[in-house]
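**Q** 3D, please:
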Amino acid sequence: MPHLRIANLSVGYGSNTVLEGVSLDIYKGCITALIGPSGCGKTSFLSALNRLTDLIPGAAVKGNVEISGLDVLDPRADLMALRRRVGMIFQKPNPFPLSIRRNLELPLREHGIRNRALLAHKIEVVLKDVGLWQEVGDRLDSPALALSGGQQQRLCIARALVLEPEVLLMDEPCSALDPISSRVVEELIGRLRGRLTVVIVTHNLTQARRIANYAAFFWMTERVGQLIEFGQCINLFESPKNALTQAYVSGGAG
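**A** Next comes the predicted model:
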């Protein structure tokens with residue numbers, strides 16, 4: 001069942017079009033990997049899905065994005081409500097320069113949750129969810145920036161999950177991590193399958209094959225990013241329909 005419907009999506013910055021004419025459905029409860037070389041518009045595509053492009057001067061988004069029937073690009077859309085439904089995890093962990101507890105309390109308080117017992121409960125649940133409770137549960141008031149890189153990224157995922165989103169967007173969430181931390185985060189992403197709709201940008205094709213149900217291959221054509229092929233992950237990797245896809249997944253292009 002499609003959770004997100006994207007039709008003829010284009011993104012530009014000033015006079016420069018970076019992504020053009022992208023149409024695909026993203027399925028509910030599935031993990032969709034966005035693959036392709038750097039600079040072909042994958043991050044711009046991701047950012048358009050919860051209107052983070054609005055924060056970039058000169059950015060323009062055209063086309064149609066619907067999430068469970070909501071017109072995301074409608075100028076009247078409630079952006080705070082949208083970003084609660086559609087969370088974002090970035091390439092580099094970006095915890096607030098506050099305590100571990102405050103990193104998780106802040107978004108909850110922003111959305112009107114003030115009860116201390118409820119805050120404490122939600123924090124414990126989400127830290128257990130990302131496998132951090134045993135590691136940090138006895139030092140929630142220590143600085144989040146003192147955590148390791150992998151722990152910081154899991155905290156950022158917890159910060160997104162604490163708002164109970166429908167969709168989680170992830171822009172190369174493992175690329176800044178060591179191999180062990182990367183594997184821990186990857187396993188966490190895998191556990192989200194069925195609970196959330198996950199859209200992940202990754203340059204790690206092996207990772208995409210391990211975790212994704214669907215894959216979308218992007219490429220630069222005449223200096224503009226385009227969607228070349230989309231389908232079930234196993235089909236895109238093992239029997240791609242497009243010669244460019246075949247060359248990329250076999251290591252012959254990129």
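
**Q** now do the helices in the stretch 51-200 of the chain.
**A** Taking DSSP state H, counting those that start in this stretch as the criterion, the stretch 51-200 of the chain contains helices spanning 79-85, 100-110, 116-129, 133-136, 149-161, 179-191.

**Q** what about this protein, any weak spots by pLDDT?
**A** Under the criterion pLDDT under 70, the flagged ranges of the chain are 252-254.

**Q** mind doing that once more with 50?
**A** Segments of the chain classed as low confidence (criterion: pLDDT under 50) are not present in this model.

**Q** strands of that one, start to end?
**A** For the chain, the strands identified by DSSP state E occupy 2-13, 16-27, 31-35, 59-67, 70-71, 86-89, 167-171, 197-201, 214-221, 224-232, in order along the chain.

**Q** these: which one's closest to T53?
**A** Across these, T53 has its closest neighbour in strand 59-67 (4.3 Å, Cβ to Cβ). C-beta here means a position set from N, CA and C on the backbone, and glycine is covered the same way.

**Q** give me the residues contacting that closest one.
**A** Defining contact as Cβ atoms under 8 Å, 6 or more residues apart in numbering, one finds that strand 59-67 is touched by 3-13, 21-22, 48-49, 51, 53, 71-73, 82, 85-86, 166-167.

**Q** ok, now stretch 235-250?
**A** Contacting residues not belonging to stretch 235-250 are listed as 35-37, 205, 208-209, 215, 217, 219, 228-231, 252-254 [Cβ under 8 Å, 6+ apart].

**Q** any idea how far L192 lies from L161?
**A** Noted for L192: a distance of 8 Å to L161, by Cβ to Cβ, to the nearest Å.

**Q** neighbour-wise, which of these two wins?
**A** Here L192 and L161 are compared on neighbour count by other Cβ atoms under 10 Å; more neighbours surround L161, at 23 against 19.

**Q** one step back: what subset of the contacts of stretch 235-250 is buried?
**A** By the neighbour-count criterion of 16 or more other Cβ atoms under 10 Å, the contacts of stretch 235-250 include these buried positions: I35, G36, L205, A208, R209, A215, F217, W219, I228, E229, F230, G231.
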